[in-house]
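Chemist: below: sequence and its predicted model.
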Amino acid sequence: MKPLVCTVVLLCLLSQPVMAQEGDTELSAADMMEPAIDSIDRGLAYLAANQNEDGSFRSSNMGRNPAVVALGGMAFLAGGNTPGRGKYGEEVNRTVDFLIANTRADGFITNAEGAGHGPMYGHGFATLFLGEVYGMTPREDLRDSLARSVDLIVRCQNEEGGWRYNPEPLDADISVTICQIMALRAARNAGLHVPKETVDKCEAYVKQCQEPDGGFSYMLQNRGSMFPRSAAGVVALYSAGVYEGPEIEKGLVYVDRFLPDPRQMSRESHYFYGHYYAVQAMWHAGGPRWQRWYPAIRETLVKSQRPDGSWQDSVGADYATAMSCIILQIPNNALPIFQR
């Protein structure tokens, strides 16, 4: 018998059909995810077993990085768990505790022991998580931390319209920028004020980063398309409210060239990062692209899972496992930021 959380999620949360077809049969989220349910169960169990009481993770030296902690929390949320409710409700609570405890007076969410390369990555993912749980819990300190973290993002946008590694409005790259605009979208969805000018400037910056082949460059001064940042570029436009148009179509055509293949997994750099954004891009695109993409990434991740339930990459098992669980649970449609 499978763990209770998956039974609850599949029977209660996933009864609505997903926009996916195989032949003439419309597939529900449960049908699409069924081959991955055991992998998801084992992945979430691995994360829960490796979470510390303070909400951080213990299986790598990046376990105190706010991005890794937030992504672990997102993996639990994507399974239908909320603060204090569901099989992993307490794990969600610990994630909230850690991120609020590590929110500075100026709104910056950071931890000296897990700062890593580019602390604004951590801030963006942490703010995204807090935006997703806002309204799920009556905690008064959550709104304060979320509001301050959103204000910091707005203050740190540079003149080009993007963000960079540190909380200061100097340069910008598309990789850090996607983290911030997704966080702002989550906060706006939750009812917090996000200036339209901030979103408009970000949209303009991302569009300037697009290359003629439809992919996206890392920086305006560092041109050239690559899969991970191109998937991020498409999702950045979605997060800014751009759902159609030539930039979206060209971006999807470029990303679609990198259909997941288990034989290529070890050869791709920033694998989990790229596919975290790619599955979102294809989910929002729907139709044939989604029908092809999700089964391919599902097969790849199920085959690459380790016996202990984890996935591995250079950032650490907590990060790779959280990313994999989020990707596999996208059809749940449980999180506002992922909903069509």
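Modeler: Perfect, thanks for sending it. Numbering: from 1, shown residues only.
Chemist: flag the shaky bits of the stretch 1-150 of the chain, pLDDT-wise.
Modeler: Across the stretch 1-150 of the chain, residues meeting the criterion (pLDDT under 70) sit at 1-26.
Chemist: where do the helices sit along it?
Modeler: Listed from the start of the chain, the stretch 1-150 of the chain has helices (DSSP state H, counting those that start in this stretch) covering 4-8, 29-33, 37-49, 66-78, 89-101, 119-133, 140-155.
Chemist: list the buried residues in stretch 208-222.
Modeler: Of the residues in stretch 208-222, those buried by neighbour count under the rule 16 or more other C-beta atoms under 10 Å are 209-211, 214-220. (Each C-beta comes from the backbone N, C-alpha and C, glycine too.)
Chemist: would you reformat these as CSV and include pLDDT and distance to Ala281?
Modeler: What follows is the buried residues of stretch 208-222, written out as CSV (pLDDT from 0 to 100; distance: C-beta to C-beta, whole Å):
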residue, pLDDT, distance to Ala281
Cys209, 98, 15
Gln210, 98, 14
Glu211, 98, 16
Gly214, 98, 12
Gly215, 98, 12
Phe216, 98, 11
Ser217, 98, 17
Tyr218, 97, 18
Met219, 97, 21
Leu220, 96, 22
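Chemist: in TSV: the residues you listed, plus secondary structure.
Modeler: Shown next, in TSV, are the buried residues of stretch 208-222 (DSSP: H, G, I helix; E, B strand; the rest coil):
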residue	secondary structure
Cys209	helix
Gln210	strand
Glu211	coil
Gly214	coil
Gly215	coil
Phe216	strand
Ser217	coil
Tyr218	coil
Met219	strand
Leu220	coil
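Chemist: with respect to Gly80, which of those is nearest?
Modeler: For Gly80, the closest of the buried residues of stretch 208-222 turns out to be Phe216, at 32.7 Å, with distances computed as C-beta to C-beta.
Chemist: how near is the residue lying closest to that closest one once chain neighbours are set aside to Ser225?
Modeler: The shortest distance from Phe216 to any non-neighbouring residue, by C-beta to C-beta, 6 or more residues apart in numbering, is to Gly233 (3.3 Å). Computed with C-beta to C-beta, to the nearest Å, the distance linking Gly233 and Ser225 is 9 Å.
Chemist: and the two? Which one has more around it.
Modeler: Neighbours were tallied for Gly233 and for Ser225 using other C-beta atoms under 10 Å; the higher tally belongs to Gly233 (31 against 21).
Chemist: the host helix or strand of that one vs helix 119-133, what angle?
Modeler: Assigning secondary structure by DSSP states H and E places Gly233 in helix 227-239. What separates the directions of helix 227-239 and helix 119-133 is an angle of 40 degrees, with axes from the mean of the first three to the mean of the last three C-alpha atoms, to 10 degrees.
Chemist: what comes into contact with helix 227-239?
Modeler: 174-175, 177-178, 181-182, 184-185, 202-203, 206-207, 209-210, 214-218, 247-248, 251-252, 254-255, 257-258, 268-270, 273-275, 277-278, 280-281, 284 (C-beta atoms under 8 Å, 6 or more residues apart in numbering).
Chemist: of the residues you listed, keep whichever come out buried.
Modeler: 174-175, 177-178, 181-182, 184-185, 202-203, 206-207, 209-210, 214-218, 247-248, 251-252, 254-255, 258, 268, 270, 273-275, 277-278, 280-281, 284.
Chemist: tell me which entries of those lie within helices.
Modeler: Among the buried ones among the contacts of helix 227-239, the members falling in helices are 174-175, 177-178, 181-182, 184-185, 202-203, 206-207, 209, 247-248, 251-252, 254-255, 273-275, 277-278, 280-281, 284 (criterion: DSSP state H).
Chemist: which residues touch the spatially most central residue of the chain?
Modeler: Closest residue to the average C-alpha location of the chain: Tyr276 at 5.9 Å, with C-alpha atoms, centre = their mean. If a contact means C-beta under 8 Å, 6+ apart, then Tyr276 has 323, 326-327 as its contacts.
Chemist: quick revisit: ok, of the buried residues of stretch 208-222, which one's closest to Ala75?
Modeler: Checking the buried residues of stretch 208-222 one by one against Ala75 (C-beta to C-beta), the nearest turns out to be Phe216, at 26.0 Å.
Chemist: who is the closest one paired with across the strands?
Modeler: When assigned by DSSP bridges, Phe216 has beta-bridge partners Gln210.
Chemist: quick one: residues contacting it.
Modeler: By C-beta under 8 Å, 6+ apart, the contact set of Phe216 is 174, 206, 209-210, 225, 229-230, 232-234, 251.
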